[in-house]
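Trainee: Give me a 3D structure for the following:
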Amino acid sequence: MHILLSPSKSMDFSNPTKGKYSTPQLLEHSNELIKDLRKLSKEDISSLMKLSHKLTELNYERYKDFSTPFTKDNAKQAGYAFKGDVYDGLDFTNLNNEQENFAQQHLIILSGLYGVLRPLDLIQPYRLEMGTKLKNKNGKNLYEFWGDKITNIINDNESELIVNLASNEYYKSVRPKLLNAKIVSPAFKEHKNGEFKMIMIYAKKARGLMARYIIENKVNCSSKLLDFNYEGYGYNKELSTESEPVFTR
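Mentor: Predicted coordinates for the structure are as follows:
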């Protein structure tokens, strides 16, 4: 089994990098994107990514400062660096060593700049959402840039089951018809005004919670997903299909 997650715009590089780490598997392609990004003016970046002046300045400098090889001194593991609702649910910092090792083997974070990341892969701070229409040698956007590369990496893991907890924007970088695995995409809904609705701020955290549940319980089949019960969620059979189990509270 493998888990797909989206990255986060928010990152924390304030604490020194400690512990085990690995190198992103598609880093050579990240370098190609950085070369394209460095050709952009600040005005281009602001327009392309719809960023404020402050964020434009920040990311312009990030692209300029990006350098390899990655080390503990200039980069940080993705699982520790990403912050936000999904990563509040995942709470990677508080996994024990055995759980961290399981996550490293079974968790795949999709990324506009890095393609795929394992949680212990070193990253440098960046802003490049998967939906960005950045012209590149392969086409007009990042989906065309990455092509089959992300799908091929997932297939290389020889997993029989993919639990898709990524957003639609990031999942579109995967080509499901080429995957050699069954795909299950859990959904999370809240009871509100007499009906169950997806409320994004809660759904994002729930995706992280589900990832943590899989890691803590070493879940290895789709039937065991249905026992997910963190923070009041429970399997709702009436709303579910085999490919989209729904969890409500």
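
Trainee: now the strands: where do they sit in the chain?
Mentor: Taking DSSP state E to define them, one finds strands in the chain at 2-5, 76-77, 107-111, 115-117, 122-123, 161-164, 182-184, 187-192, 195-197, 234-235, 246-248.

Trainee: Relative to Leu40, how far out is the residue positioned nearest the centre of the chain?
Mentor: Residue closest to the mean C-alpha point of the chain, counted by CA atoms, centre = their mean, is Ser6 at 2.5 Å. Separation of Ser6 from Leu40 (CB to CB, to the nearest Å) stands at 24 Å. Quick note: C-beta positions are derived from backbone N, CA and C, even for glycine.

Trainee: sorry, back to before: redo the strands of the chain as a markdown table? Include mean neighbour count and mean pLDDT.
Mentor: Output for the strands of the chain, formatted as a markdown table (neighbours: other CB atoms under 10 Å; pLDDT from 0 to 100):
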| stretch | mean neighbour count | mean pLDDT |
| --- | --- | --- |
| strand 2-5 | 24 | 98 |
| strand 76-77 | 24 | 98 |
| strand 107-111 | 26 | 98 |
| strand 115-117 | 25 | 98 |
| strand 122-123 | 24 | 98 |
| strand 161-164 | 22 | 97 |
| strand 182-184 | 16 | 96 |
| strand 187-192 | 16 | 96 |
| strand 195-197 | 12 | 96 |
| strand 234-235 | 14 | 98 |
| strand 246-248 | 20 | 98 |
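
Trainee: Would you mind listing where this structure has pLDDT under the threshold?
Mentor: Of all residues in the chain, none has pLDDT under 70.

Trainee: List the buried residues for the longest helix anywhere in it?
Mentor: Identified as the longest helix of the chain according to DSSP state H is helix 200-217. With burial defined by 16 or more other CB atoms under 10 Å, the residues of helix 200-217 counted as buried are 202-215.

Trainee: okay, which residue of this structure is out on the far edge from center?
Mentor: Max distance from the centre of the chain (CA atoms, centre = their mean): Gly194, 32.5 Å.

Trainee: one step back: ok, so of the buried residues of helix 200-217, who is nearest Tyr114?
Mentor: Of all these, Tyr114 sits closest to Ala211, with 18.0 Å by CB to CB.
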